[in-house]
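Student: A predicted structure for the sequence below; I have some questions about it.
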Amino acid sequence: MMKKRTHRMPFPPVRSFNLRNCSIFGIFSTMLHGVLLVLAVLGSIRVRPVNSHQETGTWSCEPEPDIRVQAAFRPGIVTLDGHVDDWKDIDGFEFSLLPALDPDADKEYPGGKMTVKALHDGKEVFFMLEVDGDYAYSKGESNKCPSVALMFQVGENASYHRMGGCIEAPDTCTSKTCHGHEVDIMHFSIGNAIPGRLYGGNPIDNGLGNGGDRFGHLVDLYAWNPHCRYLDGIGPSGNDSSAQNNWKGVWWHSSLTSFQSGFVEEDSPYASNGKKGTYYFEFSRPLRTMDRLQQDAQLSIGKSSNASVGFWYPVDGNPWHGSGHYSISCNWVALDLLLAGSQPTRDPHKSPWNVATAFSLLLSVLALCLSVFVGHWVSKTKGVPFTPMNDL
């Protein structure tokens, strides 16, 4: 989660005072001043500086340190149907959604944060994305509907920024000139997808040896940079019939009501546009695939991989464009595939300056102020004269 750079004036100096000359009111005023000062410090700690990015300038990113998503070993509990009750006992990881090309906190997705959940069953990895948003669906017009993408690092030199970061142009990028910059992408545009129905790899498109999905546009891609992006099995040097779309996925919105019978295409648009609610997206793919073209990320239990999540939404009804998406971070986010018996770490990406820490520090300051007050009161109390033992 990114924080916008803010310019703060130095804190005003705390005036010194003479304990023997000030009043009780003065002591309490000083105590209050100190407490307000600490609260101001606590508030400022949450602001993490970041340089706003424009593609025409120098890219600068300062993500929250050590953010990650953890996928526990939980076999046999999730069904890909868009109904997420089976995820209720799985820890979620919450992220702010900032524009991918300009990660400015002032431009955060207005609907709120995204929750990402993950697990694996030893063979496949499962993801659930949850994000609030008014219902928006226009059949056949993907840029008037929400859309999501997952991206994984494949090549050792592949950067999050610029989708792999290869410097080659579209007419010169190849598997040789951009070797090491490969990223694996799953992109789901729901404009032709029925809610609650499964999309992704299917016998027809997989039979052609590529990562396409002619039915619901849940496609399997690879890229070296934003301008060199292809379906698996298709590329500038020719096609390879060994590729497959290894993903499955489904979407749902909380305003939809047909749970048991399911929707069919004739039910479109399935609900009234503008209804308040939450979008849910569920996905799965094998941990390891049959890829031999360096186009799929290969995931291993007990290890971490680099990943990210993108989200497109027609804010205020305006169609989105390809580069106008939000992201959960301005850099890779670690995806940990936990061993059986390992438990996810609670909120591993939250700042150590949490509520408990702030409250403890506040109590410490109050205790210090109370000590000063008691010391002042004792110093003003008339002393008891010393009486020698011989005079008793």
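Tutor: That came in fine, so what should we check first?
Student: dump the helix or strand hosting residue 336 to CSV, keeping only the CA atoms.
Tutor: In the assignment (DSSP states H and E), residue 336 maps to strand 333-337. Output of strand 333-337 as CSV, limited to C-alpha atoms (Å, rounded to 0.1, in the frame of the first residue of the first chain):
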residue,chain,number,x,y,z
VAL,A,333,4.2,-8.7,-3.8
ALA,A,334,5.6,-12.0,-2.4
LEU,A,335,3.3,-15.0,-2.7
ASP,A,336,4.2,-17.7,-0.2
LEU,A,337,3.0,-21.2,-0.7
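Student: name the helices or strands packed onto the host helix or strand of residue 71?
Tutor: Assessed by DSSP H and E, residue 71 sits inside strand 68-73. Packing contacts for strand 68-73, counted by 3 or more Cβ pairs under 8 Å, 6 or more residues apart in numbering; DSSP states H and E, involve strand 93-95, strand 114-120, strand 333-337. Where C-beta positions appear, they are placed from N, C-alpha and C, glycine not excepted.
Student: strand partners (parallel or antiparallel) of that strand?
Tutor: Sheet pairing of strand 68-73 (DSSP bridges) gives strand 114-120 (parallel), strand 333-337 (parallel).
Student: in CSV: these, plus mean pLDDT and distance to residue 150.
Tutor: Putting the strands paired with strand 68-73 into CSV (pLDDT from 0 to 100; distance: least, Cβ to Cβ, whole Å) gives the following:
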stretch, mean pLDDT, distance to residue 150
strand 114-120, 98, 10
strand 333-337, 97, 10
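Student: what's the most buried one of those strands?
Tutor: Between the strands paired with strand 68-73, strand 114-120 has the highest mean count of neighbours, a mean of 22, where neighbours are mean count of other Cβ atoms under 10 Å.
Student: list the buried ones in stretch 82-90?
Tutor: By neighbour count on 16 or more other Cβ atoms under 10 Å, the buried set for stretch 82-90 is 82, 84, 86, 87, 90.
Student: what does stretch 288-297 give?
Tutor: 289, 291, 295, 296, 297.
Student: start to end distance for it?
Tutor: Taking Cα to Cα, to the nearest Å, stretch 288-297 runs 8 Å from one end to the other.
Student: and for stretch 198-218?
Tutor: 9 Å.
Student: what is the mean pLDDT for that stretch?
Tutor: Averaged across stretch 198-218, pLDDT comes to 96.
Student: what residues sit buried inside stretch 312-326?
Tutor: For stretch 312-326, burial by neighbour count (16+ other Cβ under 10 Å) applies to 312, 313, 314, 315, 320, 324, 325, 326.
Student: thinking again about what came up before, flag every buried residue along the strand holding residue 71.
Tutor: 68, 69, 70, 71, 72, 73.
Student: ok, the nearest residue to the fifth one once chain neighbours are set aside - contacts?
Tutor: Counting by Cβ to Cβ, 6 or more residues apart in numbering, residue 72 lies nearest to residue 338, which is 5.0 Å off, once chain neighbours are set aside. Residues counted as contacts of residue 338 (Cβ atoms under 8 Å, 6 or more residues apart in numbering) are 70, 71, 72, 73, 301, 302, 344.
Student: could you dump these to TSV with pLDDT and distance to residue 110?
Tutor: Below are the contacts of residue 338 laid out as TSV (pLDDT from 0 to 100; distance: Cβ to Cβ, whole Å):
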residue	pLDDT	distance to residue 110
70	97	28
71	97	29
72	97	32
73	97	36
301	97	38
302	97	39
344	82	29
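Student: quick revisit: between the strands paired with strand 68-73, which one is nearest to residue 159?
Tutor: Set against residue 159 and scored by Cβ to Cβ, the strands paired with strand 68-73 come closest in strand 333-337, at 13.5 Å.
Student: where does the stretch 251-392 of the chain have low pLDDT?
Tutor: Counting by pLDDT under 70, the stretch 251-392 of the chain contains low-confidence residues at 259-260, 346-392.
Student: ranges for the strands of it?
Tutor: 278-286, 304-312, 326-327, 333-337 (DSSP state E, counting those that start in this stretch).
Student: nearest to residue 228, of those strands?
Tutor: strand 304-312 (17.4 Å).
Student: check which helices and strands that closest one is in contact with.
Tutor: strand 114-120, strand 124-132, strand 147-153, strand 326-327, strand 333-337.
Student: got JSON lines for the strands paired with strand 68-73, with distance to residue 283 too?
Tutor: Formatted as JSON lines, the strands paired with strand 68-73 follow (distance: least, Cβ to Cβ, whole Å):
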{"stretch": "strand 114-120", "distance to residue 283": "10"}
{"stretch": "strand 333-337", "distance to residue 283": "13"}
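Student: got the phi/psi numbers for the nearest residue to residue 302 once chain neighbours are set aside?
Tutor: Among residues not flanking residue 302 along the chain, residue 339 sits closest, at 4.9 Å (Cβ to Cβ, 6+ apart). The phi/psi pair for residue 339 (degrees, to the nearest 10) reads phi -70, psi 160.
Student: for stretch 241-253, buried residues please.
Tutor: Buried-residue list, stretch 241-253, by 16+ other Cβ under 10 Å: 243, 244, 245, 246, 247, 248, 249, 250, 251, 252, 253.
Student: hmm, back to that, looking at the strands of the stretch 251-392 of the chain, which is closest to residue 64?
Tutor: Residue 64 lies closest to strand 333-337 among the strands of the stretch 251-392 of the chain, at 9.6 Å (Cβ to Cβ).
Student: what sits up against the closest one?
Tutor: 67-71, 95, 118, 120, 125, 152, 287, 299-309.
Student: buried ones among these?
Tutor: Among the contacts of strand 333-337, those classed as buried by 16+ other Cβ under 10 Å are 67-71, 95, 118, 120, 125, 152, 287, 299, 301, 305-309.
Student: hmm, back to that, redo the buried residues of stretch 82-90 as a markdown table? Include distance to residue 63, secondary structure and pLDDT.
Tutor: Listed next are the buried residues of stretch 82-90 as a markdown table, based on distance: Cβ to Cβ, whole Å; DSSP: H, G, I helix; E, B strand; the rest coil; pLDDT from 0 to 100:
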| residue | distance to residue 63 | secondary structure | pLDDT |
| --- | --- | --- | --- |
| 82 | 30 | coil | 94 |
| 84 | 27 | helix | 95 |
| 86 | 31 | helix | 96 |
| 87 | 25 | helix | 98 |
| 90 | 24 | coil | 96 |
